Structures are given as C-alpha cells and as structure tokens.
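K.L.:
below is the sequence, then the predicted model.
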There are 2 protein chains.
Amino acid sequence: MRLSKKERQKKLTQALEEDPFLTDEQMARLCQVSIQTIRLDRMELGIPELRERMKHMAEKNFDRVRSLSPKEIIGEVVDLQLDHSGISILEITEEHVFERNGIARGHYIFAQANSLAIGLVDSEIALTANAQIRFVRPVYLSEKCVAYAKVLDNENSSRTKIEVKIKVNNELVFHGIFDVYRALETRVAKEES
Amino acid sequence: MRLSKKERQKKLTQALEEDPFLTDEQMARLCQVSIQTIRLDRMELGIPELRERMKHMAEKNFDRVRSLSPKEIIGEVVDLQLDHSGISILEITEEHVFERNGIARGHYIFAQANSLAIGLVDSEIALTANAQIRFVRPVYLSEKCVAYAKVLDNENSSRTKIEVKIKVNNELVFHGIFDVYRALETRVAKEES
DNA sequence: TCTTAATTAGTACTTGGTACTAAAATGTGG
DNA sequence: CCACATTTTAGTACCAAGTACTAATTAAGA
C-alpha cells in the first residue's frame, strides 16, 4: 500500500477539484488501487458518480444562463412602473464577492442599480450618461440587496434623473443618482457581419 | 400521425431549448411517437444524446468558472504601478452588449474602471466608497476599451482618490473619479456556517 | 397501385456506474 | 505469533440512457 486511506482520499478530493470529470477507473489508476476502493472512498466522502456530478454542473450552468440571459437587468425586478419607480432584488452569491473577505465587488452593486435605472426608462435606447454614487457600507455574501429606484426629474426631453437606493435589511448600503440619456431612433453602428 | 416530421423536429428543438435535460423517452411521450423515431430525429438534427449534452454544458460551466475566477479584475491589466497608475484593456464582446443595439451595458465599463481602481490600491482591503462617473459616448461591440487609472491624492490615510479614463481608439468614452477606502485588518463578518 | 419515405420493433452492445456478497490482504493489540 | 479488525479486491447482477444495426410495418405521394 502506497498511501494510507486518508492520504488517498485527500488526493482524490484534490484531483476532483482540479478535474471533476474523472471516472472511477481514472481515479483508480491515479491512486494505484482497485476501482472498488475508489467507490468505497467516494461513498465515504459523499462524492456522487461522474454522471451526477456532470448533471449538477450542467444544471448550475443552465440556471445561470437562464438567469443571465435576460440580464439586460441584473437583479430580479419585482416592481416596475415605467418612468416612475421600480424595485429589484439581488442576492449576493459567491460569484459576486471577493474571495478574500466575502465582500461584494462594487460593480455588481452598481450593476443592479444601473440596470434598474435603465429599465425604468421607457425608451428605445436608454444609456447612462452620468452618475454619482456612494457605497455606504460593504455588502456581504448572502445578503439580499433591495434596490429602490425613483424618477426625480423628467422635464428635459432627452435626460432622466433617477435616484437609486439599495438597502439590506432596510439599512442603506448604496446611493446613486443616475442621469439617463434616452433616444428613440434605433441606429445601430456595427461595422462587421 | 399527428404532426409531420418537420413539425415534430421543430417541436423537439424548441422543447430542448427550454429544457435540455429531456431523455429520448420523455421526448417520445411528448411527441406521441416511438423512441426510435426520436432517435432518428436527433440523428438528422445532429443533436447528441442527453449525456453528451450534459457533459457539454458541464464543461462549459467549468471553463467559465475557471476563467471567471480570477475576475477580481475585469479587463486585462497590462501595466500596474501600485499606488500610482495602471492600465487595463477590455474588449467588448457579445456578453457585454445590449442585444438590441450592440451598445455595451454601462456597468461593464464601470466594472473595468472600478476594478482597475481597486487593483491600484496596495492594501488588504480596498473598497469603493464614492464615485462620480461620466459615460462620454456609447461603446460598441468589439471595440477595445483601454482604461488608464491614476492616483490623484493619497494624503488621507484611509482614502485614495483615483481618476480613471477609458478610451477607444484614443477617444474618451468614460471618465470617473473613484474614492477608494482602504483598510488593513482582515475582519470578515460572516454569520453562517 | 406501386414505390418511396417514415415509423416502429427488436436485439446486441456500451459506459459508468450501484448494490451486494465474499474473499483476500494488511494491520494492530495483546 | 495469533486473533480480530480494517482495508482492499474480486466478482456478480443490475440499471439508465443510450448507439448501431436489421427488419418489419405503416403512411403517403405520384
């Protein structure tokens, strides 16, 4: 016996982390043990079979694609009154935070606010022109950000001023004023294809 | 026969688009035909079997996770002098733009600027506190954004003021002043687990 | 009606496993 | 060194979701 059971199992988890697409056979060869041993190991470690692992990853991917494909807006819009106000919710997950400290990267918070602001504007094209933003306090992993957007000023024909506040448990974490430019003509400047 | 071959195949592709995890059996039931017919259809349409599809999606997911995991910084940093200046490049791809008009979503531009600003700060924790930003002109698909960041003011012990300009072909498209808060202690506030 | 296209049936075989039983090999304590 | 426990192998039956192939049956077009 080369490695002890423990060492082997550690090796296995590591190997799988690096390449989750290993079959039992490959793992057996890797560890120089029989396939049955590997299966016992997987049992003990609670690691599902290759197919289940793939299925899992595929589903995760699918879910993500789904939720991202209407990602014109980041965060789930729960209320929207065009040209007036709107609310969206974004739960901070692993992908949003710095690994180091579990604090959400500012641009995700900004993205939630920005896309809600854009979504509020009832126009063919709506683009952020200016913004003044303040990150009041850090947002942590698994906190639920609720963004409230309100149109402040709609007088100017081509500009809309929108205020966005983001709160976690009713505590303000972000404040922004967005100046959104809007246009009707859909003139797309694309050279290629 | 209910549907013609063509109609059925169209139905199949649609169904799979909605739920790519359908087995041949489920599809057969869905279309009220035998499993063999479904298999012939898949052949003709060049649709691989469920397992292959899952594998594909899983791999895509894995790749994405890999390539996204060092996404602490959005855009490729080509030059960086801590606490002084830095340059990063971001090429606008499909995923960054509005489908409708091929214009980059503002928060990606912001993200490039923001993460470069954060990256400039030589500190355990660096968080954006405030920012004033201006989107000078829209950025289009496949344009290459070059972000230039410069520390303006480092006097204050806990705050750093950074100016970021983003240019496309030397034309200014974005301007921002970031107020970055920095701290040394790595105190992570996580309640759970 | 004849013939071609489409559909169904059925069998053998494949992957990457599970579930289970049983036999070896290896440790370990007394 | 023996006995018992732990660990590792071996081997079988079985499963899902297929492929690959042959052959029969049904529908449809001209």
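P.N.:
Here it is on my side, so go on.

K.L.:
CA only for contacts and neighbour counts going forward, please
P.N.:
Noted.

K.L.:
can you list the domain ranges for chain A.
P.N.:
If you go by automatic domain parsing, the domain ranges for chain A are A:5-67, A:73-183.

K.L.:
for chain A, what helix or strand is lowest in average pLDDT?
P.N.:
The least trusted helix or strand in chain A, going by mean pLDDT, DSSP states H and E, turns out to be helix A:50-68, with a mean of 77.

K.L.:
please name the nearest non-neighbouring residue to residue A:181.
P.N.:
Once its chain neighbours are removed from consideration, residue A:181 has its nearest residue in residue A:159; the separation is 4.7 Å (C-alpha to C-alpha, 6 or more residues apart in numbering or on different chains).

K.L.:
what number of residues lie near residue A:11?
P.N.:
Here the number of neighbours of residue A:11 (other C-alpha atoms under 10 Å in any protein chain shown) works out to 16.

K.L.:
and for residue A:76?
P.N.:
Residue A:76 has 18 neighbouring residues, counting by other C-alpha under 10 Å.

K.L.:
secondary structure element holding residue A:151?
P.N.:
Residue A:151 is part of strand A:144-153 when elements are defined by DSSP states H and E.

K.L.:
what packs against the next helix or strand after that strand?
P.N.:
Moving toward the C-terminus from strand A:144-153, the next helix or strand (DSSP H and E) is strand A:159-168. In this structure, strand A:159-168 makes packing contacts with helix A:106-120, strand A:144-153, strand A:171-183, judged by 3 or more C-alpha pairs under 8 Å, 6 or more residues apart in numbering or on different chains; DSSP states H and E.

K.L.:
run the chain-centre distance for strand A:159-168.
P.N.:
Taking C-alpha atoms, centre = their mean, to the nearest Å, one finds the center of strand A:159-168 at 20 Å from the center of the full chain.

K.L.:
same question, stretch A:43-55
P.N.:
25 Å.

K.L.:
shaky segments in chain A?
P.N.:
A:1-2, A:63-73, A:184-193 (pLDDT under 70).

K.L.:
interface residues of it facing DNA strand C?
P.N.:
Counting by C-alpha under 7 Å from any atom of the strand, the residues of chain A lying close to DNA strand C are A:1, A:22-25, A:36, A:39, A:48-51.

K.L.:
filter these to the buried ones?
P.N.:
Among the residues of chain A next to DNA strand C, those classed as buried by 16 or more other C-alpha atoms under 10 Å in any protein chain shown are A:22, A:24, A:39.

K.L.:
neighbours of residue A:122, how many?
P.N.:
The tally of other residues near residue A:122 (other C-alpha under 10 Å) stands at 15.

K.L.:
residues contacting it?
P.N.:
With contact set as C-alpha atoms under 8 Å, 6 or more residues apart in numbering or on different chains, residue A:122 has these partners: A:82-83.

K.L.:
please work out how many residues are found near residue A:137.
P.N.:
Using other C-alpha under 10 Å, residue A:137 is surrounded by 14 other residues.

K.L.:
and what about it, helix, strand or coil?
P.N.:
Three-state call for residue A:137 (DSSP: H, G, I helix; E, B strand; the rest coil): coil.
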